[in-house]
Every structure is written in structure tokens, then in C-alpha cells.
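>>> dropping the sequence and predicted coords here.
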Amino acid sequence: MWQLNVSEVYIYGDKYKIKTEGDEEYIKDIASFVELRMKEIEKNLHVLTTSKIAVMAAFNIAAEYFMLKEEISESKKAIERLERKLDELEVNIG
């Protein structure tokens, strides 16, 4: 059975207890990443409310996630094309 760990992190001045199977250092790295994004948004957009900053950070992180997901998908397709070409070459040589 999986053991849940409780990690205590601070994001944007608020304390959160995160229950996870993950490593505490990994969870703290994620919290630091989120806080950094929130501070960047506050600095660049001069948004005043924490909730708006959090939503914009979530939106930016999600946009980056979807972009990377698409890049991975395109990379997998390119690998598959190259593998097919390699297979064709092996058949032609063999």
C-alpha cells in the first residue's frame, strides 16, 4: 500500500499542507516554481488580488504544459517517421 507523505510548503505567503506520494524536495520545488510564476505575474501585470494572480499563473502554467505536450507529440511522430524510413532501408539493404 502507498504511503502518503505530508509536505508543508509556502506559496505566496500562505502555508499549504500537501499530501502526496512524492518526495518532499520535489514538492517544495513545485511550490517554488508556482510562487515564482505568481511573482512574475504580479511584477509584469500589476495584478492586485492574489486570486487573480493565482489564476493567471495557473493559466500560464497550463499553456506551457499544452505547448510542451504538443511538442512531445510532434517529436514522437518524427521518431516514428524516422523508424519507418530506417525499416525501409534495412529491407532494401537486406
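Looks like it came in fine.
>>> now do the residue lying closest to residue 37 once chain neighbours are set aside against residue 63, distance only.
Nearest non-adjacent residue to residue 37, counting by Cβ to Cβ, 6 or more residues apart in numbering: residue 57, 4.2 Å away. Where you see a C-beta, it was placed from the backbone N, CA and C, and this is true even at glycine. The spacing between residue 57 and residue 63, counted by Cβ to Cβ, to the nearest Å, is 11 Å.
>>> quick one: list the elements packing against the longest helix seen in the chain.
In terms of residue count, the longest helix belonging to the chain (DSSP state H) is helix 50-93. Helices and strands touching helix 50-93, by 3 or more Cβ pairs under 8 Å, 6 or more residues apart in numbering; DSSP states H and E, are helix 24-45.
>>> go again with 10 Å.
strand 5-11, helix 24-45 (3 or more Cβ pairs under 10 Å, 6 or more residues apart in numbering; DSSP states H and E).
>>> now it, how far from the centre of its chain.
13 Å (Cα atoms, centre = their mean, to the nearest Å).
>>> mean confidence score for that helix?
For helix 50-93, mean pLDDT is 95.
>>> what's the answer for stretch 25-40, then?
On average, stretch 25-40 scores 95.
>>> quick check: buried residues in it?
Going by neighbour count (16 or more other Cβ atoms under 10 Å), the buried part of stretch 25-40 is 27, 30, 31, 34, 35, 37, 38.
>>> using CSV, write down the CA coordinates of stretch 40-58.
Provided in CSV are the C-alpha atoms of stretch 40-58 (Å, rounded to 0.1, in the frame of the first residue of the first chain):
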residue,chain,number,x,y,z
GLU,A,40,6.5,37.3,-12.2
ILE,A,41,2.8,37.9,-13.0
GLU,A,42,2.5,40.4,-10.1
LYS,A,43,5.6,42.3,-11.3
ASN,A,44,4.7,42.3,-15.0
LEU,A,45,0.9,42.7,-15.0
HIS,A,46,0.5,44.7,-11.7
VAL,A,47,-2.4,42.5,-10.8
LEU,A,48,-3.6,43.3,-7.3
THR,A,49,-5.5,40.4,-6.0
THR,A,50,-3.9,37.1,-5.0
SER,A,51,-6.7,35.1,-6.6
LYS,A,52,-6.3,36.8,-10.0
ILE,A,53,-2.5,36.3,-9.8
ALA,A,54,-3.1,32.6,-9.0
VAL,A,55,-5.5,32.2,-11.9
MET,A,56,-3.1,33.9,-14.3
ALA,A,57,-0.2,31.7,-13.0
ALA,A,58,-2.4,28.6,-13.5
